[in-house]
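J.: Okay, structure incoming, though there's no sequence with it:
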């Protein structure tokens, strides 16, 4: 039976997502990342792209999503601004910006999907090692601007903002409350 | 034979990273986006290694691995997991089905290469048909020796070359260096304490980046047992102390497979030059013989029709040298190249003593030889050696 989210401490979630994001960015993108803001809220109480009042959702966003199912169920959204998503793709694939532009959105989607997959994989491996084994789902991508992701009511939302060399990355974690 | 590596991952990004990681190695990368495609390609191509993801659509990695291991034709193909699924229980479950290694994403390309290199024989790609490295190209030579004077002697002896000689006093220092910058060649003192030269040699041979690096042993001549031990384990060659630096230089050039033709051939003022060194050992003559025809052909092809065979530096004449000179002159004749000889007094008088060389005429200087082409041709008579 899935664990109730209340059983899993915010510290465990925060430590795991911080470790996962830092590890993936350092290994795959050679960038240092710093956690700058944490918020724990109900599902509808927070816009993850406006943690400091400044709503950046008006800019183009590429959002990677991977879920995890098992002793704990949930979804993680990683929000990248469009230009930052292109930059990360170039670095990971050893391509120039012109080459990535020519290859089209599909290449960026795949790269951001993989970064999300690695991040969520690392996060859920941490949960598994703390007694909450679960499995990953296949990644998917959301693109656009001025949109808002609204989860169903019985979930808890953890929003973490990271800063990396002048760029912002938001990890939006939704955990389904256990029965 | 070229290694084939099959990467099975639904992420094109991962497949591109895998290709990028192996691009400097002589291997072919095959790609599949799920387990079904992976099994089909494995059966068709019989890869030497499969890199397998777990979470994929259509058929996941665990199912593909189970089917692969149940197939008598395919079960022997080594599989290395490359996946974000790294929970303890998951890893144990997959390990029981049978995998050679397990890499949890995110991953360093170097780690992937190192682990793959433990399973298959990964050979670095040479620069292909492009021109071979020559004596003028830079190279890094690592000297592992606890006696600084020896390192200094090698550095001094090779300072006229473009090679950078780096000293390391211990096995640990040498490993650190090799990890950061694999050298082009290593010279390891066999008298390092606790047989660490042999331990270092084994480590270099198990690391994919130094697997094919030439490694010379360095030891006092009288230590015959150590020399034999080094030869048995596979050291490229053994250099004995006291070090003959010019011999060391030749052996380094040979071990690094350098184009040494610059030592003996050149083009000056529109003339093709063949230069015999002071001591023409059998090894030197063999080198000259290897390059002579292709170099002369290259010169003729570029429009040259004059050649100077310069033996001024030569200390003494012997049958090997005579044969080589006769061959050079014959090749010039065959290709329609006018040629002349430059020699020293001792050599000129030695030439009178051999039937084959009695009629050879020499110029005393290179300038005189060059000038002779503008006058009437004075090609020496060619005798048969």
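T.: Sure, I can see it. Because the structure is predicted, anything quoted here is derived from the model rather than measured.

J.: Make sure residue B:38 is indeed in a helix.
T.: Yes - counting by DSSP: H, G, I helix; E, B strand; the rest coil, one finds residue B:38 located in a helix.

J.: Just say helix, strand or coil for residue B:355.
T.: coil.

J.: per-residue confidence for it?
T.: Note on residue B:355: pLDDT of 81.

J.: Can you give me the distance of residue B:150 to chain A?
T.: 39 Å (C-beta to the nearest C-beta, to the nearest Å). The C-beta positions use only the backbone N, C-alpha and C, and glycine is treated the same way.

J.: same check, this time on residue B:218
T.: With C-beta to the nearest C-beta as the criterion, residue B:218 and chain A are 39 Å apart.

J.: Next, count neighbours for that residue.
T.: Neighbour count for residue B:218, taken as other C-beta atoms under 10 Å in any protein chain shown: 25.

J.: Next, it: secondary structure please.
T.: Here residue B:218 is strand, with the state taken from three-state DSSP.

J.: got the contact list for it?
T.: Residue B:218 is in contact with B:143, B:145, B:150, B:187-190, B:238-241, B:243, counting by C-beta atoms under 8 Å, 6 or more residues apart in numbering or on different chains.

J.: now stretch A:139-147: mean pLDDT?
T.: Stretch A:139-147 comes out at a mean pLDDT of 88.

J.: still on that earlier bit, most neighbours among the contacts of residue B:218, which one?
T.: Most surrounded of the contacts of residue B:218: other C-beta under 10 Å gives residue B:187, at 28 neighbours.

J.: per-residue confidence at that one?
T.: Confidence score, pLDDT, at residue B:187: 95.

J.: quick one, phi psi at it?
T.: phi -120, psi 120 (degrees, to the nearest 10).

J.: What residues does the stretch 51-200 of chain B have near chain A?
T.: B:55-57, B:83-90, B:104-108 (C-beta under 8 Å from any C-beta of the partner chain).

J.: quick one on the thing from earlier: out of the contacts of residue B:218, which sit inside helices?
T.: residue B:150 (DSSP state H).

J.: Just the ones in strands from the contacts of residue B:218, please.
T.: B:143, B:187-189, B:238-241 (DSSP state E).

J.: Any of the residues of the stretch 51-200 of chain B next to chain A buried? List them.
T.: B:55-56, B:83-87, B:90, B:104-107 (16 or more other C-beta atoms under 10 Å in any protein chain shown).

J.: end to end, how far does stretch A:130-150 reach?
T.: One end of stretch A:130-150 to the other measures 29 Å (C-alpha to C-alpha, to the nearest Å).

J.: Check stretch B:70-89 too.
T.: Start-to-end span of stretch B:70-89 (C-alpha to C-alpha) is 22 Å.

J.: Repeat that for stretch B:152-165.
T.: Stretch B:152-165 end-to-end distance (C-alpha to C-alpha) = 9 Å.

J.: which residues are contacting that stretch?
T.: B:135-141, B:143, B:151, B:167, B:184, B:187, B:243, B:245-246, B:248-249, B:252.

J.: Compute the first-to-last residue distance for stretch A:134-148.
T.: Using C-alpha to C-alpha, one end of stretch A:134-148 lies 27 Å from the other.

J.: low-scoring stretches of chain B, by residue?
T.: Within chain B, the stretches with pLDDT under 70 are B:1, B:126-132, B:375-385.

J.: Flag every buried residue along the helix ranked longest in chain A.
T.: Counting by DSSP H, the longest helix found in chain A is helix A:105-129. For helix A:105-129, the neighbour count (16+ other C-beta under 10 Å) marks A:107-128 as buried.

J.: Kindly identify which of these also come near chain B.
T.: Near chain B, by the rule C-beta under 8 Å from any C-beta, you find A:107, A:110-111, A:113-114, A:117-118, A:120-122, A:124-125, A:128 out of these.

J.: Provide the count of other residues in contact range of residue B:359.
T.: 12.

J.: Quick check: it vs chain A, distance?
T.: According to C-beta to the nearest C-beta, residue B:359 and chain A sit 65 Å apart.

J.: What is the neighbour count of residue A:146?
T.: Look at residue A:146: counted by other C-beta under 10 Å, it has 11 neighbours.
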